[in-house]
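Asks: predicted model and sequence follow; I will ask about them next.
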Amino acid sequence: MRAVLRVSATLAVVLILTTLAALAQAPGRWITNKYAPLPQPEEEYTAVMASDRLYLIGGNRGGRPEWPRHVLEYNLAADRWTTKKPVPFPGDHMAAASVGGRIYVFGGQAEGGVNKPLNTSWEYDPGADSWRPLAPVPTARTAAAAVEVGGRIYVVGGNTVNGLTVGTSEVYDPAANRWESRAPMPTPRNHPAAGAVGGKVYVIGGRLAAPNIGGFVASNTDVVEEYDPVANSWRALNKMPTPRSGHGYTTHQGRIYVAGGEVRDSHMDAIFRDVEVFDPATNDWYRLPPMPTARHGVNLAGYGNRLHAIGGHIAFAATGGTALHTPAHEVFEFTPR
């Protein structure tokens, strides 16, 4: 009997120590009521970081007669939103990246939706709060991804005319205002996540076959592919844990963070709370605690020891209309090491 008690006591101590150790190693916690909410909620902002500030551009028309033309600037250090000059063109699902503090916005969809993708290119100068047109994108696309490496912007994937999903890869040189073609991405997809680390481009997840998740043609993928601009070549890496599309993403301190998204299959229409992190240095994934609010179209930004998750839509696809665009601004604060 005493032996049994000793074993039970030992197990209890081990469990307590294990729990304490797990808590001590917890990466941080979500804060839900501290940071400024999104002042103009929309379902599908185009999000881009420039000079440690987050810019949210456009928005999804969502059945309204006019496209939203918002440009919102979020000062991550001051926790302050500022409304800037509106977008000079109608559209949504653009791709965007920044170079030298200026923002470059490519493609998207306008009248006719996915059947008439845009081939436009625009430069936004936050300092002057001004827009100017640039050389058009060679391949008109919507729901592509744009990533900056070495002062050039790589625009990959998306949908072309009639919603055809492509692996097209084209690079824009802002200094020369010129486009060039590159080796196509092996897995054609739209609505992916993307990031650049160590001079290479990473494209993560996304949607196959069709642009709209609302039917039963499109499906999500967990494929991760790396592009080397120097070699102009692609290779496959470890898959993401959860296939998804319409997810938010950002690159912060050498890692790519992916959150939210949506899925339709024979069992459910659903949105995700999951937050997954890809480390290109180890070609491996790990998870953070899930977002308090599930959503797709969430906008992510990393700053210091914080990961901001802002806005999005709290139902599958456009279900519920504009009433379900959320102003939620939830922040994961990493525990200092």
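Replies: Looks like it came in fine.
Asks: where does pLDDT dip in the protein?
Replies: 1-26, 111-115 (pLDDT under 70).
Asks: what about the nearest residue to residue 309 once chain neighbours are set aside, which helix or strand?
Replies: With Cβ to Cβ, 6 or more residues apart in numbering as the criterion, residue 309 has its nearest non-adjacent residue at 4.8 Å, and that residue is residue 330. For glycine as for every other residue, the C-beta is placed from the backbone atoms N, C-alpha and C. In this assignment (DSSP states H and E), residue 330 forms part of strand 329-334.
Asks: which helices and strands does that strand pack with?
Replies: Counting contacts by 3 or more Cβ pairs under 8 Å, 6 or more residues apart in numbering; DSSP states H and E, strand 329-334 packs against strand 28-31, strand 306-310.
Asks: give me the sheet partners of the longest one and which way each runs.
Replies: Read that as strand 306-310. Paired strands of strand 306-310, with direction, are strand 299-303 (antiparallel), strand 329-334 (antiparallel) (DSSP bridges).
Asks: enumerate the positions of the longest one that are buried.
Replies: Put plainly, it is strand 329-334. 329, 330, 331, 332, 334 (16 or more other Cβ atoms under 10 Å).
Asks: related to what we said a few turns ago, quick check: which of the helices and strands packed on strand 329-334 is buried the most?
Replies: When you average the neighbours per residue for each of these (mean count of other Cβ atoms under 10 Å), strand 306-310 leads with a mean of 23.
Asks: can you map out the strands along the stretch 201-337 of the chain?
Replies: 207-208, 219-220, 224-228, 233-237, 248-252, 255-259, 262-264, 269-271, 275-279, 284-288, 299-303, 306-310, 329-334 (DSSP state E, counting those that start in this stretch).
Asks: partners of the second one in the sheet?
Replies: If I follow you right, that is strand 219-220. Each strand paired with strand 219-220, and its direction, by DSSP bridges: strand 207-208 (antiparallel).
Asks: hmm, who's touching the partner strand?
Replies: The contact list for strand 207-208 (Cβ atoms under 8 Å, 6 or more residues apart in numbering) reads 143, 165, 187-192, 213, 218-221, 245-246.
Asks: closest to residue 180 out of these?
Replies: When the contacts of strand 207-208 are ranked by distance to residue 180 (Cβ to Cβ), residue 188 comes first, at 19.6 Å.
Asks: before we move on, the earlier item: export the strands paired with strand 306-310 to JSON lines and tack on distance to residue 169?
Replies: Shown next, in JSON lines, are the strands paired with strand 306-310 (distance: least, Cβ to Cβ, whole Å):
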{"stretch": "strand 299-303", "distance to residue 169": "23"}
{"stretch": "strand 329-334", "distance to residue 169": "32"}
